[in-house]
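> sequence and predicted structure below; questions after.
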Amino acid sequence: MSLKKLLKMLGLGAVAVILGLEGLDWLRSLWPRQVSRQLLKEVLFFPSPPSCVEHLYNPVRTHPCPCPLPHGLDTSFSRLLEHLLSARVSLDLCMFCFSNIQLSRAVLLLHSRGVRVRVLTDREYMAITGSQIAVLLKAGICVRHELAITMHMHHKFAVLDSRKLITGSLNWTMTAVQSNQENVIVIEEPELVQSYEEEFNKLWEASDPAKHPPHPHSVINAKGLLAPSRDV
Ligand SMILES: [Zn+2]
């Protein structure tokens, strides 16, 4: 083969490679970007069996956990906790009854990591024995309750990073987690997440004590601390 023929073949080969690469880019541009990432849709049913979840709070722990609970189980509760701890920017929580210490610990951990946490809860249930609301308030987390005395804040949902929604029948109590038949959906459907976020913002504004002072039935005082109330 002459040098001239060889150079011609090499030239044609280079053109073919360039056209091939450009063709791939063109095909890629036609492919919808959404297709590359499946949106999360998960259902969790309770009761959930007791199991150790220490590793979720501290994934880099090097020594084995000495607690007597079963280890290494993937349960509905451990999944719920994993989702909750996945928040990086914000957590907007509407919870009627919040007394589960492990979930409270997760919320405190998010707060300590700099996640913006807002909690909306029920005025009566926030003051029951075992409620974690006082613990959250003490840590400096923003908590509000509904101001209308004729209405309960009965929602049970959380919006994480304006991206993930956790909702269902589950109150964040130990009884609900371990003893009740409950359901929770974890979903990233943008339209649903947006609807819940808008509802949260609406309720949050309506529950702003600064806009409705002084409210005789409020159990959170002006300093954002749990105040004694004769109504609860
Ligand atoms: Zn353990």
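Thanks, I have it.

> figure out how far the helix or strand Glu205 falls within is from the centre of its chain.
According to DSSP states H and E, Glu205 maps onto helix 190-206. Centroid separation between helix 190-206 and its chain, computed with Cα atoms, centre = their mean, to the nearest Å, is 14 Å.

> and stretch 178-192, by the same measure?
When distances are taken as Cα atoms, centre = their mean, stretch 178-192 is centred 11 Å away from the chain's centroid.

> could you do stretch 167-184 as well?
Offset of stretch 167-184 from its chain centre (Cα atoms, centre = their mean): 16 Å.

> now do the buried residues in that stretch.
By neighbour count, with 16 or more other Cβ atoms under 10 Å as the criterion, the buried positions of stretch 167-184 are 167-168, 170-173, 176-177, 182, 184. Just so you know, the C-beta spots here come from the backbone N, C-alpha and C atoms, and that holds for glycine as well.

> now stretch 195-209
196-197, 200, 203-204, 207, 209.

> next one: stretch 187-196
Quick answer for stretch 187-196 (16+ other Cβ under 10 Å): 187-188, 193, 196.

> of these, which pair is most distant in space?
Glu188 and Tyr196 (11.8 Å; Cβ to Cβ).

> joint contacts of the two?
Leu165 (Cβ atoms under 8 Å, 6 or more residues apart in numbering).

> now do the strands in the protein.
41-46, 90-95, 116-121, 142-145, 156-160, 164-168, 182-187 (DSSP state E).

> average pLDDT for the fourth one?
Per-residue confidence for strand 142-145 averages out to 94 on the pLDDT scale.

> now swap in stretch 124-134 and tell me
Averaged over stretch 124-134, pLDDT sits at 90.

> quote the end-to-end distance of that stretch.
13 Å (Cα to Cα, to the nearest Å).

> what's the weakest-modelled helix or strand in this structure?
Of all the helices and strands that make up the chain, helix 3-30 has the lowest average by mean pLDDT, DSSP states H and E, namely a mean of 61.

> output the below-cut-off pLDDT ranges for the protein.
Within the chain, the segments meeting pLDDT under 70 span 1-4, 6-7, 9-36, 213-217, 221-232.

> residues of it that sit close to the ion?
Residues of the chain found near the ion (Cβ under 5 Å from the ion) are 52, 54, 65, 67.

> and of those residues, the nearest to Ser162?
Taking Cβ to Cβ as the measure, Glu54 is the one of the residues of the chain next to the ion closest to Ser162, at 29.3 Å.

> much appreciated, bye for now.
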